[in-house]
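*Asks:* Output the structure for:
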Amino acid sequence: MGYYCHAKGHMMERLIHDDYLMIYCIQGEGVVSASGHSSSVKMGDVLIVPSGLSHRYTSSLASPWTIYWVHFEGALVKKFCSNTQVERSPGGFYLKNIGSHPQLTGSFDALLSCRYSAHDLTVHIFSASLLRQILSHVAFLKPPEQLRRQRESLDLDSLHTLMQTHLHEQIDLDTLAASVNLSKYHFVKRYRAITGTTPINRFIQLKIERACYLLDTTAMEIKEIAFEVGYEDAYYFSRIFRKQIGISPSQYRKALT
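*Replies:* Prediction:
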């Protein structure tokens, strides 16, 4: 394992490669080549070269890379590396852009500190645990571009939580749109593009899902269930229920017996 800072002229070629190699580039760039295919390695990229893959990599002359690197092997290595949430390139290596993450660099620094410790069993166990943590963290992290798209999209989890907390009452489109700082028009358009339905339809679906749960698990009267999910008029509730489920609440309950 190691750390190279502004490694101008750094180059390595291996025709025989009998372990796994991971490189995390935190500055600059380089190039990796294997099986006749080449890819740029840029700041924020994690490169994993599997065992048995002949390869060559070089640091850029114009913008030399700064990298953490570690060689490793073990019974679970293949499974961990295949879980990095990225497909293997045509060259046979894994390359994923995750951006700059202080927590990840901190884990690499902690791993490197093990080089200066006594080489006993506890150090090896700690090192292996740190490596598992790094590989799991890489799998968990999303590419910056994907995160940007998500930020531009809607926080559906928070929005649906808001709906869930208001199942016992009514909530209008103005309130839902205001919760995500959008106009009603843009809110409905963006929500439909993501989910295929409207926010109000989804709110109604959540109400009916709750009603089905109460019909399944309680002896409450239908008018009580209607009130529980925000409908004072039991007949109106039954019409909404039939529209969503295809049968009335009473028919739904009878089908359970």
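*Asks:* rest of the way, CA atoms for contacts and neighbours
*Replies:* Noted.
*Asks:* wait, residue 83 sits on residue 139?
*Replies:* Yes - Residue 83 is in contact with residue 139 according to C-alpha atoms under 8 Å; the separation is 6.1 Å.
*Asks:* These two: which has the busier surroundings?
*Replies:* In this view residue 83 and residue 139 are compared by other C-alpha atoms under 10 Å, and residue 139 has more residues nearby, 18 against 15.
*Asks:* Who's the closest spatial neighbour of that one, skipping the chain neighbours?
*Replies:* Ranked by C-alpha to C-alpha, 6 or more residues apart in numbering and with sequence neighbours excluded, the top spatial neighbour of residue 139 is residue 84, at 4.1 Å.
*Asks:* Show me what residue 11 bridges to in the sheet.
*Replies:* Residues found in beta-bridge contact with residue 11 (criterion: DSSP bridges) are residue 58.
*Asks:* What's the local residue count around it?
*Replies:* Using other C-alpha under 10 Å, the number of residues around residue 11 comes to 14.
*Asks:* Just list the residues touching it, thanks.
*Replies:* 56, 57, 58, 59 (C-alpha atoms under 8 Å, 6 or more residues apart in numbering).
*Asks:* List buried residues within these.
*Replies:* Among those, those buried by neighbour count (16 or more other C-alpha atoms under 10 Å) are 56, 57, 58, 59.
*Asks:* pLDDT and distance to residue 5 added to the residues you listed, as CSV?
*Replies:* Below are these laid out as CSV (pLDDT from 0 to 100; distance: C-alpha to C-alpha, whole Å):
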residue, pLDDT, distance to residue 5
56, 97, 19
57, 97, 16
58, 97, 14
59, 97, 11
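*Asks:* Out of those, which comes closest to residue 222?
*Replies:* If you rank those by distance to residue 222 using C-alpha to C-alpha, residue 57 comes first, at 69.3 Å.
*Asks:* Surely the residue nearest to residue 139 forms part of a helix?
*Replies:* No - the assignment for residue 84 is coil, going by DSSP: H, G, I helix; E, B strand; the rest coil, so no helix is present there.
*Asks:* For residue 48, list each beta-bridge partner.
*Replies:* In this structure, residue 48 bridges to residue 22, residue 94 when assessed by DSSP bridges.
*Asks:* pretty sure it is in contact with residue 97, am I right?
*Replies:* No - in this structure residue 48 lies outside contact range of residue 97 using C-alpha under 8 Å: 11.7 Å.
*Asks:* what about stretch 193-202, how long is it end to end?
*Replies:* Terminal residues of stretch 193-202 lie 13 Å apart, using C-alpha to C-alpha, to the nearest Å.
*Asks:* circling back to that earlier point, mind putting the buried ones among the contacts of residue 11 into CSV with distance to residue 239?
*Replies:* Putting the buried ones among the contacts of residue 11 into CSV (distance: C-alpha to C-alpha, whole Å) gives the following:
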residue, distance to residue 239
56, 68
57, 67
58, 68
59, 68
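*Asks:* before we move on, back to that, now the residue nearest to residue 139: how far from residue 163?
*Replies:* Remark: distance between residue 84 and residue 163 (C-alpha to C-alpha) = 34 Å.
*Asks:* go on, residue 135?
*Replies:* Taken as C-alpha to C-alpha, the span from residue 135 to residue 163 is 36 Å.
*Asks:* Just want to know which of these two has more residues nearby.
*Replies:* For the pair residue 135 and residue 163, the greater number of neighbours falls to residue 163 (22 against 18), based on other C-alpha under 10 Å.
*Asks:* And the more buried one, what's its pLDDT?
*Replies:* At residue 163, the pLDDT value in this model is 91.
*Asks:* Residue 32 bridge partners, please.
*Replies:* residue 39, residue 57.
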